[in-house]
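Peer 1: Just a sequence and a predicted model for now, questions to come.
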Amino acid sequence: MDRLKKRIKADGVAIGTEILKVDSFLNHQIDVELFEAIGGEFRRRFSDVAGKVDKIVTVEASGIAVACFVASYFGYPPVVFAKKAKPNTMTDDSYSAEVRSFTKGTVSNIMIAKKFLNEGEGVLIIDDFLAHGLAAQGLASLVKQAGGKVLGVGIVIEKSFQGGGEKLREAGLRVESLAVVEKIEDGNIIFA
Ligand code: 5GP
C-alpha cells in the first residue's frame with residue numbers, strides 16, 4: 001500500500017535496527033483518514049472471504065482502532081480484542097495464550113472471554129505490527145481453542161526480517177501485510 005509506505009518513510013522513526021516508531025499516525029496519535037484507507041485495503045485483499053467474516057479479533061491496544069475500521073468494510077461484525085491482563089471485572093471463563101513481547105521484554109497472557117468466541121465462526125485477525133509472530137500466533141490459538149476458523153491475518157506493518165510472517169505462513173495461515181519492512185539500517189527503513 002503505497003500511501004502507507006510513504007507515510008512510514010515520512011514519519012516513521014527507526015529505533016536501532018529492530019523497532020519502528022510510528023506513533024504520529026498509528027500507535028499514539030491516529031490518522032483517521034489513513035485508517036479508513038487501511039480498512040478499505042484489507043477489504044480488497046480479503047474480498048474472497050468477505051462473506052464468511054463473523055468476527056474480527058485483535059489485541060489491545062493499538063490493534064483495536066485498526067480492527068474497527070476493518071469491521072466497517074466487512075458489514076460491521078463484532079470486534080473482539082484480547083486483553084493483556086485479567087481485569088477484576090473479567091469473571092467469565094476465558095481462553096488464554098502466552099505471548100512473549102520482544103519490544104517490551106515481557107511474557108504475558110492474552111485472554112478473551114469464552115462467550116465472545118464461538119465454535120464454527122470465521123475470524124479475521126488484525127494487528128498493527130508483525131514482528132516475531134507471537135501475538136498473532138496467540139490470537140490464532142484463542143480462536144482455535146474456541147473451535148473457530150482463522151480466515152486470515154491482516155497486518156498493517158510486517159517486519160519480515162524478524163521471521164514472524166514466515167512462521168505463520170509455514171503454519172498454514174494466510175497473512176496479508178500492507179507494508180513489509182525488509183530491514184532497518186542506519187536509520188533507514190527499507191521496504192521489501
Ligand atoms: P510479535 O508478537 O509479532 O513479535 O510482535 C507484535 C506485537 O509487538 C504488535 O502487537 C506490536 O504491538 C508490537 N511490536 C512489534 N514490533 C514493533 C515495532 O517495531 N513498533 C511498534 N510500535 N510495535 C511493535
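Peer 2: Perfect, thanks for sending it.
Peer 1: Could you measure from the one residue sitting closest to the centre of the chain over to the ligand?
Peer 2: Nearest to the mean C-alpha position of the chain, by C-alpha atoms, centre = their mean, lies residue 127 at 1.1 Å. Remark: distance between residue 127 and the ligand (C-beta to the nearest ligand atom, to the nearest Å) = 5 Å. To be clear about C-beta, it is placed using only N, CA and C from the backbone, and glycine gets the same treatment.
Peer 1: Surely that residue is in a helix?
Peer 2: No: according to DSSP: H, G, I helix; E, B strand; the rest coil, residue 127 belongs to no helix; its state is strand.
Peer 1: Around the ligand, pick out the residues from the protein.
Peer 2: For the chain, the contact set with the ligand under C-beta under 6 Å from any ligand atom comprises 19-20, 27, 59, 62, 101-103, 127-135, 164.
Peer 1: For beta bridges, what are the partners of the nearest residue to residue 142 once chain neighbours are set aside?
Peer 2: Leaving aside its sequence neighbours, residue 142 sits nearest to residue 95 (C-beta to C-beta, 6 or more residues apart in numbering; 4.6 Å). Counting by DSSP bridges, residue 95 is bridged to residue 112.
Peer 1: which residues pair with the spatially closest residue to residue 64 that is not a sequence neighbour across the strands?
Peer 2: The shortest distance from residue 64 to any non-neighbouring residue, by C-beta to C-beta, 6+ apart, is to residue 81 (5.1 Å). In this entry, residue 81 is beta-bridged to residue 58, by DSSP bridges.
Peer 1: The nearest residue to residue 136 once chain neighbours are set aside and the ligand, how far apart?
Peer 2: Excluding the flanking residues, the one nearest residue 136 by C-beta to C-beta, 6+ apart is residue 153, at 5.2 Å. Shown here: residue 153 relative to the ligand, a distance of 10 Å by C-beta to the nearest ligand atom.
Peer 1: Let me see the ranges of the helices in the chain.
Peer 2: 2-11, 32-45, 62-72, 134-145, 164-170 (DSSP state H).
Peer 1: Which secondary structure elements does the second one sit against?
Peer 2: To tie it back to what came earlier, the one meant is helix 32-45. helix 2-11, helix 62-72, strand 149-159, strand 175-185 (3 or more C-beta pairs under 8 Å, 6 or more residues apart in numbering; DSSP states H and E).
Peer 1: Of the ones you listed, which stretch is the most buried?
Peer 2: Mean neighbour count (mean count of other C-beta atoms under 10 Å) peaks for strand 149-159 among those, with a mean of 23.
Peer 1: All set, thanks.
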